[in-house]
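> the following block contains a protein sequence and its predicted model.
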Amino acid sequence: MSKRAALSGKYAIVGVSELPVGKFPDQTTLGLHVEATRLALLDAGLKNTDIDGIISHQPRFDPMRDYTLLIAKASGITPTYMTDISSSGEAPVFMAQQAMLAIEAGLCETVLCVHARKGATREGPANVEIREGYDEYFTPYGIAGGIITHAFMASRHMHEFGTTRAQLGAVSVAARKHALLNPNAMMKKPMTIADHAASRPIAQPLHLFDCSLPADGGGAYIVMRIERARAMKNTPVVILGTGKHHVHANLANAPSLTTLGGKVSSQQAFEMAGLKPADMDFAQFYDCFSITTIGAIEDYGFCAKGEGGPFVENGRIEIGGELPVNTHGGLLSQGHIEGMMHVTEAIRQLRHEVEAARQVKNAQLGVVSGHGGHLSSHASLILGRDTR
Amino acid sequence: MSEQTSQSETYLKPLPQKDALSAPFWDALHAHELKIQRCADCSRYAFPPVSHCPGCLSTQLAWTAVSGKGKVQAAVTVDHAPMPAFKADVPYNVALVDLAEGVRVWTNVIGCAPAEVVCDMPVEAVFEDVTPDHTLLKFRPAR
């Protein structure tokens, strides 16, 4: 057994929180972190003084030095392990691996993983935002932001594999259907493939309904050893597999725009868990844009590279389908909290506590992807309902 | 004041930011030449500009004239400008172009309609003087 596989099942998630997703101009980003922390502690039946490890992710629109320490201080936590992950949208997924390793190394026993952001109602001094890196080589050409980055991915994917706009639409429609079943989702109106096709072009081949929703919100989860987790009040959700891979830092040096870090990252996670894609009851794939979901379905081995377009059609990724994807509505229709809600949704699905209409029946195993930067950051997480 | 100066003052789009690393790239473009760093030790080309060769970590990097020939890796038509200064330009093309020498640049393909720019299309470099002091690297369909 590999060293990595020996860690499978040793750690579990015992508390989870989800803040309302929407527009909250009267809240601060730091305050959202503390509220997510408070609710996760409440859910777990723990006190702030029980937490000795804390992991957060530098909020892009409220960057401050030692952000994790600010959260700890504001939450009454005095950690012996603390780290700030700055790898954009993969961070909430990657945190689970870091929490597990910190406990394994004896640095701490109970780790809070927290992320919140205000992407809808930004605060602080105008135009304060973390630079992407190499900005000076693309902004003069009218290139900026994630939409164009992912439109490049879509352009190449459609060219190489014949992926269609209607297939992109199937991803957005599935996310919308799920959001309509989730009281904590921003989008409340149904969407059809025709609505998707008719939405205004933003960066073609991507249109408005291929894009995620800027949102305010946050969430948190708490990790501890499985033996301790079994004495807590909630059904433990066990960390079975984790992975991480980075192939490039920016699009100028990306070896591929269609096969990303998720390929190796998911292989690591599946190997660690001793599981395969077909074992999964659901997947929560980071869906900043419709094309990102299609790429992940392929990279994670649910189908061959290039077959993600046909895979998502005919309701296959909807609840009740072969592989329910983004059962909360995802970044596309719930709101963009950089993937934290993908993790919290997976935890809640495995605890069998989401609304009945979107509960994946008897869910035992699920996979979560985190993706960020210039298609450049990737982390994977396989979770399971504790079977003991 | 010359007409050119007033043009420079009213150019509102982001301009190349020259620093110790990038100045030779932008200066070459201003002279209507395309130069890319090449590692003297392992012969790899590197872009964006680097202090060390990412392949072998050599610091022996020589600014080398390249062909300006390339192929479109990905092409996008921007309809909703990501920055206010580009609003008047929509729809416009943005592209990733792979140079024959093995590096990739962010750019615009000009000289044809945005919808005519497609993946794998052969293109060649053109130099666009956007202000008297600044030149951008753009591409047009290969002739």
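Arrived safely, thanks for sending. Numbers count the residues shown, from 1 in each chain, chains lettered A, B, ... in the order given.

> chain A contacts on chain B?
B:13-17, B:22, B:47-48, B:54, B:73-83, B:86, B:89, B:91-92, B:94, B:96, B:103-108, B:118-120, B:130, B:136, B:138 (C-beta under 8 Å from any C-beta of the partner chain). Heads up, the C-betas are built off the backbone N, CA and C, glycines and all.

> drop anything exposed from the residues you listed.
For the residues of chain B next to chain A, a burial check counting by 16 or more other C-beta atoms under 10 Å in any protein chain shown picks out B:13-16, B:22, B:47-48, B:73-82, B:86, B:92, B:94, B:96, B:103-108, B:119, B:130, B:136, B:138.

> hmm, back to that, the residues of chain B next to chain A in helices, which ones?
Among the residues of chain B next to chain A, none falls in helices (DSSP state H).

> now, those residues that are in strands?
Counting by DSSP state E, the residues of chain B next to chain A place B:73-78, B:92, B:94, B:96, B:104-107, B:130, B:136, B:138 in strands.

> now stretch A:204-213: buried residues?
Across stretch A:204-213, burial judged by 16+ other C-beta under 10 Å covers A:204, A:205, A:206, A:207, A:209, A:210, A:211, A:212, A:213.

> ok, now how distant is the fifth one from chain B?
Here residue A:209 is placed at a distance of 13 Å from chain B (C-beta to the nearest C-beta, to the nearest Å).

> per-residue confidence for that residue?
pLDDT recorded at residue A:209 is 98.

> pretty sure it belongs to a strand, no?
No. Counting by DSSP: H, G, I helix; E, B strand; the rest coil, residue A:209 is not part of a strand but helix.

> I figured it hits residue A:194, correct?
No. Using C-beta atoms under 8 Å, residue A:209 is not in contact with residue A:194, being 10.7 Å away.

> lowest-confidence helix or strand of chain A?
When the helices and strands of chain A are scored by mean pLDDT, DSSP states H and E, strand A:81-85 comes last with a mean of 94.

> give me the contacts around that strand.
Residues from elsewhere that reach strand A:81-85 (C-beta atoms under 8 Å, 6 or more residues apart in numbering or on different chains): A:52-58, A:66-69, A:72, A:91, A:94-95, A:98, A:102, A:107-108, A:111.

> just checking, next helix/strand downstream of that strand?
Per DSSP states H and E, the first helix or strand lying C-terminal to strand A:81-85 is helix A:91-104.

> and the closest residue to residue B:79 other than its chain neighbours, how many neighbours?
Among residues not flanking residue B:79 along the chain, residue A:201 sits closest, at 4.2 Å (C-beta to C-beta, 6 or more residues apart in numbering or on different chains). As a burial measure, residue A:201 scores 17 neighbours (other C-beta atoms under 10 Å in any protein chain shown).

> quick one: pLDDT of residue A:63?
pLDDT at residue A:63 comes out at 82.

> related to what we said a few turns ago, show me what the residue nearest to residue B:79 is bridged to.
residue A:207 (DSSP bridges).

> and what of the one 10 residues further on?
Under the criterion DSSP bridges, residue A:211 forms beta bridges with residue A:289.

> quick check: residues of chain A near chain B?
Taking C-beta under 8 Å from any C-beta as the contact definition, chain A meets chain B at A:134-145, A:147-148, A:151-153, A:155-156, A:159-160, A:200-206, A:250-254, A:257.

> residues in contact with residue A:266?
So residue A:266 contacts A:243, A:299, A:300, A:301, A:367, A:369, A:380 (C-beta under 8 Å, 6+ apart).

> same question for residue A:299.
Here residue A:299 is in contact with A:259, A:260, A:262, A:263, A:266, A:305 (criterion: C-beta under 8 Å, 6+ apart).

> and for it, nearest residue in space, chain neighbours not counted?
residue A:262 (3.7 Å).

> same thing with residue A:264?
residue A:245 (4.0 Å).

> go on, residue A:5?
Nearest non-adjacent residue to residue A:5, counting by C-beta to C-beta, 6+ apart: residue A:272, 5.2 Å away.

> that's a strand at residue A:155, yeah?
No. Looking at residue A:155 with three-state DSSP, it is helix, so not inside a strand.

> that one contacts residue A:206, correct?
No. At 9.1 Å, residue A:155 does not count as touching residue A:206 under the criterion of C-beta under 8 Å.

> distance check, the most centrally placed residue in chain A against chain B.
Against the mean C-alpha coordinate of chain A, by C-alpha atoms, centre = their mean, the closest residue is residue A:339 at 2.5 Å. Residue A:339 sits at a distance of 22 Å from chain B (criterion: C-beta to the nearest C-beta).

> that residue and residue A:328: what is the separation?
Distance, residue A:339 to residue A:328, by C-beta to C-beta, to the nearest Å: 11 Å.

> and for residue B:84?
Noted for residue B:84: a distance of 34 Å to residue A:328, by C-beta to C-beta.

> the two: who's more crowded?
Higher neighbour count among residue B:84 and residue A:328: residue A:328, with 27 against 9, using other C-beta under 10 Å.

> ok, now which ones touch that one?
Residue A:328 neighbours (C-beta under 8 Å, 6+ apart): A:178, A:179, A:182, A:184, A:185, A:284, A:334, A:341, A:342, A:345, A:354, A:358.

> skip the chain neighbours and tell me the closest residue to the fifth one.
In space, and not counting its chain neighbours, residue A:185 is closest to residue A:179: 3.7 Å by C-beta to C-beta, 6+ apart.

> go ahead and confirm the residue nearest to residue A:299 touches residue A:369.
Yes. If you go by C-beta under 8 Å, residue A:262 and residue A:369 touch, sitting 5.8 Å apart.

> element containing residue A:36, please.
Applying DSSP H and E as the criterion places residue A:36 in helix A:29-44.

> pull the residues that contact that helix.
Here helix A:29-44 has contacts from A:14-19, A:24, A:27, A:47-48, A:50-51, A:56, A:59, A:61-62, A:70-71, A:74-75, A:77, A:112, A:114-118, A:123, A:216-222, A:232-234, using C-beta under 8 Å, 6+ apart.

> quick one, which of those are buried?
Buried among the contacts of helix A:29-44 by 16+ other C-beta under 10 Å: A:14-19, A:24, A:27, A:51, A:56, A:59, A:61-62, A:70-71, A:75, A:77, A:112, A:114-118, A:216-222, A:232, A:234.

> what is the helix or strand encompassing residue A:369 packed up against?
Per DSSP H and E, residue A:369 falls inside strand A:365-372. Secondary-structure packing of strand A:365-372 (3 or more C-beta pairs under 8 Å, 6 or more residues apart in numbering or on different chains; DSSP states H and E): helix A:91-104, helix A:262-273, strand A:282-284, helix A:290-299, helix A:340-350, strand A:377-385.

> let's go with 7 Å and repeat that
helix A:91-104, strand A:282-284, helix A:290-299, helix A:340-350, strand A:377-385 (3 or more C-beta pairs under 7 Å, 6 or more residues apart in numbering or on different chains; DSSP states H and E).

> lovely, talk soon.
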